[in-house]
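Q: Show me how the following folds:
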Amino acid sequence: MLKIKNITKRLFNGGYNNNNKGLSTMTTLTKPFNMVPTSTMEFQDNSMMKPVFKGPLTKEELEHFNENGYVVVKSKLIDDRLLTNHQIEVREYLKNNASIDFGNTTIGSIEESELLWKQESKMGNVSNGFGGMVNFYHGKYEYKIREDKNLYDSFVQLFQSTYSTTSITKDDLNLSYNDENEWPNEYGEFDPQHMFMFVNRCGFRIPTIIEDSSSSSSSSSSSSSSSSSSSSSSSSSSSSSSSSSSSSSSNNNKAIEQKIKLQKGTGLHLDCNPFHLFRGEHLNKDNQIEHIPLRFWQPIQAFISCTDTPKPGQGGFWTIPKFHKKCVKYFNQHKSQLQQQQKQQQQQQQQQSSDQIPTPIPTEILKRGNAYDFQDGQHLDIVDELKFIPIERGDILFWDWRMPHCNDTIHIGPSIREVVYAAHLPMVPVNIQYAEAQKIWYQTGKHPSYVAKKFSNLETINYSQPHLSDLGKKLLSIEPF
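A: This is a model prediction of the structure:
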């Protein structure tokens, strides 16, 4: 049963409206929510029943997201022609900006994979290799996917049933998951129908081609290829003999990984700061952690898959179901352990050298500002819970920002793994400001200011702004809702 306690406590009567004058004031809704019969969803407080937005997600899908922190929507909400046109467009982009030769190969074919594997290092012209992501932001069909009405309606449903009316105070940020802050929101209530598209990269990960032995390929593809292949492998084994098999598979995976010049997996990570959800971190001149505001708040993430990844080893997605419910509590408890490890490491360094040892970077420092990367050998208790999520072409995956996730460490599937990242951002002050920057990037073809400068102007040459629908203009803050 979907539990929506807080959204029934009071009727929502306002939202942020971007009027191009900076941060706007709260305004009263002028349009009612699209109503559905109350019997389609259950509420615990019928005296303050809130209208439920009617959208493409089923009650079961909303319940699955609420309970597990992710959901795969398999109803093919995005027109398949948009996916094909995106695939054509991204290949044209790679031809022009990375000098990739596709020959006469067919999209998604083994022949295409074999040809591109030989050119994998060229992807460095458009990407730093992280997770197979490509710095391609302003494709015509990327925008058509981002502005899709079904995608928008899905986010309305998800925001309404989660973050839109549950808020906590700044003093409560360290609270663990409970009924009062299961969907923590420092920014206050927002209208779930008002949001911004998130202009993001796309995924285009070339498989590693095993040329010498078919048996090697078979052995590797049957083993887990996540950021913790040994842990996934052990979870599927039940005998002691599987230990040596797991070790062999791990060594096999490492040998394959060494062949990769650029496009490695993401590694297990969180796209939030689990020690302080609504702040990023950096080190000051005294080598101490200082909190910094978020650039944007993306509490629910999403991608649309252009390819099938039904099995591990094909570049696909891994996560830890239900972790959103214990993320903050887990890391607050674990923080003292990390600090103790750090202290022990410093003492060992001092014993090994009489020279002054500089203060080490705090263990929990965020390498990417507001994202936490799991380090090898740490958090093994939860790494064991990693689960592979099968995805098919046309599926949309939504997941909570507190969910640890990664893609396969090695990709030895038959075809390139392709996804379009297409999250939407709630209309709250931090995102209103960010939306103004996104609008400039859309108008100029520039890439976001925080990505590597070597890629920032790749799309500005002969750039023409992609056409936007009326909804797309609202989602890009060009017109108000």
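
Q: mind listing what the nearest residue to residue 103 once chain neighbours are set aside touches?
A: Leaving aside its sequence neighbours, residue 103 sits nearest to residue 115 (CB to CB, 6 or more residues apart in numbering; 5.6 Å). No exception for glycine: its C-beta is placed from N, CA and C like everyone else's. Neighbouring residues of residue 115 by CB atoms under 8 Å, 6 or more residues apart in numbering: 101-103, 105.

Q: could the residues you listed be laid out in a markdown table, adding distance to residue 280 and neighbour count?
A: Shown next, in a markdown table, are these (distance: CB to CB, whole Å; neighbours: other CB atoms under 10 Å):
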| residue | distance to residue 280 | neighbour count |
| --- | --- | --- |
| 101 | 40 | 13 |
| 102 | 39 | 16 |
| 103 | 44 | 8 |
| 105 | 42 | 16 |
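
Q: Distance-wise, check the nearest residue to residue 298 once chain neighbours are set aside relative to residue 107.
A: Sequence neighbours aside, residue 423 is the residue nearest to residue 298 in space, at 5.4 Å (criterion: CB to CB, 6+ apart). According to CB to CB, to the nearest Å, residue 423 and residue 107 sit 25 Å apart.

Q: Tell me, how many residues neighbour the residue nearest to residue 298?
A: Residue 423 has 23 neighbouring residues, counting by other CB atoms under 10 Å.

Q: if I look at the spatially most central residue of the chain, how far off is residue 387?
A: Central residue check for the chain by CA atoms, centre = their mean: the C-alpha nearest the mean position is that of residue 301, 5.0 Å away. Residue 301 is 17 Å from residue 387, where distance means CB to CB.

Q: Tell me the buried residues in the helix or strand harbouring residue 473?
A: Residue 473 is located in helix 470-475, with elements delineated by DSSP states H and E. In terms of neighbour count (16 or more other CB atoms under 10 Å), helix 470-475 has its buried residues at 471-472, 474-475.

Q: can you name the two of these that are farthest apart?
A: Every pair in these was compared (CB to CB); the two farthest apart turn out to be 472 and 474, at 7.3 Å.

Q: hang on, isn't residue 308 packed against residue 391?
A: Yes. Here residue 308 reaches residue 391: they are 7.2 Å apart, a contact under CB atoms under 8 Å.

Q: out of the two, which sits in the more crowded spot?
A: More crowded of residue 308 and residue 391, by other CB under 10 Å: residue 391, with 24 against 19.

Q: and the more buried one, backbone torsions?
A: In terms of degrees, to the nearest 10, the main-chain angles of residue 391 are phi -130, psi 140.

Q: distance of it from residue 320?
A: Applying CB to CB to residue 391 and residue 320 gives a distance of 17 Å.

Q: Residues contacting the helix holding residue 473, please?
A: Around helix 470-475, the neighbours that count as contacts under CB under 8 Å, 6+ apart are 143-144, 146-147, 149, 152, 195-197, 424, 479-481.

Q: Looking at the residues you listed, which two lie furthest apart in space?
A: Every pair of the contacts of helix 470-475 checked by CB to CB; the farthest is 144 and 480, at 21.5 Å.

Q: Kindly tell me how buried residue 348 is, as a neighbour count.
A: Residues contacting residue 348 under the criterion other CB under 10 Å number 11.

Q: Now do the contacts for residue 203.
A: When contacts are taken as CB under 8 Å, 6+ apart, residue 203 is in contact with 131-134, 303, 417-421.

Q: Just the ones of those residues in strands?
A: If you go by DSSP state E, those have 133-134, 303, 417-421 in strands.

Q: The stretch 201-350 of the chain: strands as residue ranges?
A: Secondary structure of the stretch 201-350 of the chain (DSSP state E, counting those that start in this stretch): strands at 202-205, 269-270, 279-283, 289-293, 300-305, 317-319.

Q: most tightly surrounded among these?
A: Highest mean neighbour count of the strands of the stretch 201-350 of the chain: strand 202-205, a mean of 27 (counted as mean count of other CB atoms under 10 Å).

Q: follow-up on the earlier one: quick one, phi psi at the residue nearest to residue 103?
A: Dihedral angles (degrees, to the nearest 10) for residue 115: phi -70, psi -40.

Q: Comparing residue 144 and residue 480, which residue is more hemmed in?
A: residue 144 (20 against 13).

Q: That one touches residue 82, doesn't it?
A: Yes. Assessed by CB under 8 Å, residue 144 is found in contact with residue 82 at 5.5 Å.

Q: show me where pLDDT drops low in the stretch 201-350 of the chain?
A: Low-confidence segments of the stretch 201-350 of the chain, defined by pLDDT under 70, are located at 212-254, 257, 338-339, 341-343, 345-346, 349-350.

Q: so how far is residue 188 from the residue lying closest to residue 189 once chain neighbours are set aside?
A: Once flanking residues are discounted, residue 189 sits nearest to residue 165: 5.2 Å by CB to CB, 6+ apart. Noted for residue 165: a distance of 9 Å to residue 188, by CB to CB.
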